[in-house]
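Asker: A structural model of the following input is requested.
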Amino acid sequence: QVQLVESGGGLVQAGGSLRLSCAASGSIFSINAMGWYRQAPGNQRELVARITSGGSTNYADSVKGRFTISRDNAKNTVLLQMNSLKPEDTAVYYCNVLALSLDGLRYKDYWGQGTQVTVSS
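Answerer: Model (predicted):
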């Protein structure tokens, strides 16, 4: 099994910054893509940012230029640096990893428990 532990959420004023961290552990053979999704009340979960094992990134249009995703392959961690935060960024943020476990036959999606980010105006 693969476990994801997130940290770094909280309350911040508009214009402020937060950094989210997600560490993957367990019986991991290989990790492909890592990313962050978010879900605000009443909304569907949406992709925020994603990074492949080769370092290619893609971002939601709403966060381009403000958020930066990075990963440490040696530590199986993914970070999301969020700057110039806006009230509309308020949501529960979920870490997502596409990984192959030691006893697995194919890559599977794994999800963190979610961390709340609240941006006040």
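Asker: Make sure Phe29 is actually in contact with Leu102.
Answerer: Yes: using Cβ atoms under 8 Å, Phe29 is in contact with Leu102, at 5.0 Å. Using the backbone N, CA and C atoms, a C-beta is placed for each residue, glycine as well.
Asker: what about the strands in this protein?
Answerer: Assigned by DSSP state E, the strands in the chain fall at 2-7, 10-13, 18-26, 28-39, 46-51, 57-59, 67-72, 77-82, 91-101, 108-111, 115-120.
Asker: Show me the shaky parts of this protein.
Answerer: For the chain, no stretch has pLDDT under 70.
Asker: repeat that with 90
Answerer: Under the criterion pLDDT under 90, the flagged ranges of the chain are 1, 101-106.
Asker: tell me the contacts of the residue positioned nearest the centre of the chain?
Answerer: For the chain, the residue lying nearest the average C-alpha position, counting by Cα atoms, centre = their mean, turns out to be Trp36 (2.5 Å). Contacts for Trp36 were tallied using Cβ atoms under 8 Å, 6 or more residues apart in numbering; they are 20, 22, 47-50, 69, 78, 80, 93-96.
Asker: From those, list the buried ones, please.
Answerer: Neighbour counting over the contacts of Trp36 (16 or more other Cβ atoms under 10 Å) leaves 20, 22, 48-50, 69, 78, 80, 93-96 as the buried ones.
Asker: Closest one of the residues you listed to Gln116?
Answerer: Closest approach to Gln116 among the buried ones among the contacts of Trp36 (Cβ to Cβ): Tyr93, at 7.8 Å.
Asker: what bridges to that closest one?
Answerer: Tyr93 has these beta-bridge partners by DSSP bridges: Arg38, Thr115.
Asker: neighbours of Asp72, just the number please.
Answerer: 11 (other Cβ atoms under 10 Å).
Asker: State the distance from the closest residue to Val5 other than its chain neighbours to Gln13.
Answerer: For Val5, ignoring the flanking residues on the chain, the nearest one in space by Cβ to Cβ, 6 or more residues apart in numbering is Ala23 at 5.2 Å. Here Ala23 is placed at a distance of 27 Å from Gln13 (Cβ to Cβ, to the nearest Å).
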